[in-house]
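Visitor: A predicted structure for the sequence below; I have some questions about it.
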Amino acid sequence: MEPPAVPAIETRQTSLSRPKTSTRRKGVLRYPVVRQLIRFTGVGIICTVTSLALYALFRPWIGPQPANAAALIITSLMNTALNRRLTFKITGNRKRARDHLNGLIVIAVALVITGGSLGVLHALRPEATLAEDLWTTTLSGFVATAVRFTMLRHWIFRRARHV
């Protein structure tokens, strides 16, 4: 006669602060911030391409400044929605309106950084060339992007920092 089967005992520890994940990531991908930065970059590329396309579409009909504003507003809403869902894995309607309003504030901060850098450039070098303008906006755009990611991660979507 065989002894009765003993049920297997689960020895895995579970954390109360984080949901269980079935995937063990290796290397730098084990850090949530790295995964979020990768997704954030993908969203940024999509939104940049969309913004350029909208600007090119709107510019002949409404002029450069309104076309730029329209493209930025549309893509900032899209950017917040995509970052909410893809970068920070937030689904559902809870706090969506507040997230979008805060996303517009984050975009405004980024515009202050890039616009302010151009203002400083032209105050110091009124004869600045188009190339200097582009370098200034590109470099300040990197700073603005880092500020945007930090604000999204630690302010707007702080409830999902560990995904």
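Guide: Perfect, thanks for sending it. Residues are numbered from 1 along each chain as shown.
Visitor: Poorly predicted segments of this structure, please.
Guide: Filtered on pLDDT under 70, the chain yields the residue ranges 1-23, 65, 159-163.
Visitor: so the residue nearest to the spatial centre of it is in which element?
Guide: For the chain, residue 40 is the residue whose C-alpha lies nearest the centre (C-alpha atoms, centre = their mean; 4.5 Å). Here residue 40, judged by DSSP states H and E, is contained in helix 32-62.
Visitor: Show me what that helix packs onto, helices and strands only.
Guide: helix 64-82, helix 130-151 (3 or more C-beta pairs under 8 Å, 6 or more residues apart in numbering; DSSP states H and E). Just so you know, the C-beta spots here come from the backbone N, C-alpha and C atoms, and that holds for glycine as well.
Visitor: Tell me which residues of stretch 123-143 come out buried.
Guide: 136, 137, 140, 141 (16 or more other C-beta atoms under 10 Å).
Visitor: So which residues make contact with that stretch?
Guide: 113, 114, 116, 117, 118, 121, 122 (C-beta atoms under 8 Å, 6 or more residues apart in numbering).
Visitor: Would you format the buried residues of stretch 123-143 as CSV with distance to residue 106 included?
Guide: Listed next are the buried residues of stretch 123-143 as CSV, based on distance: C-beta to C-beta, whole Å:
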residue, distance to residue 106
136, 21
137, 18
140, 15
141, 14
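Visitor: before we move on, the earlier item: any figure for the gap between the residue nearest to the centre of the chain and residue 34?
Guide: Separation of residue 40 from residue 34 (C-beta to C-beta, to the nearest Å): 10 Å.
Visitor: Identify whichever of the helices and strands packed on helix 32-62 lies nearest to residue 99.
Guide: Ranking the helices and strands packed on helix 32-62 by proximity to residue 99 (C-beta to C-beta) places helix 64-82 first, at 6.1 Å.
Visitor: How many residues are close by residue 41?
Guide: By the measure other C-beta atoms under 10 Å, the count of residues near residue 41 is 13.
Visitor: Dump the helices and strands packed on helix 32-62 to CSV, plus distance to residue 89.
Guide: Shown next, in CSV, are those (distance: least, C-beta to C-beta, whole Å):
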stretch, distance to residue 89
helix 64-82, 12
helix 130-151, 15
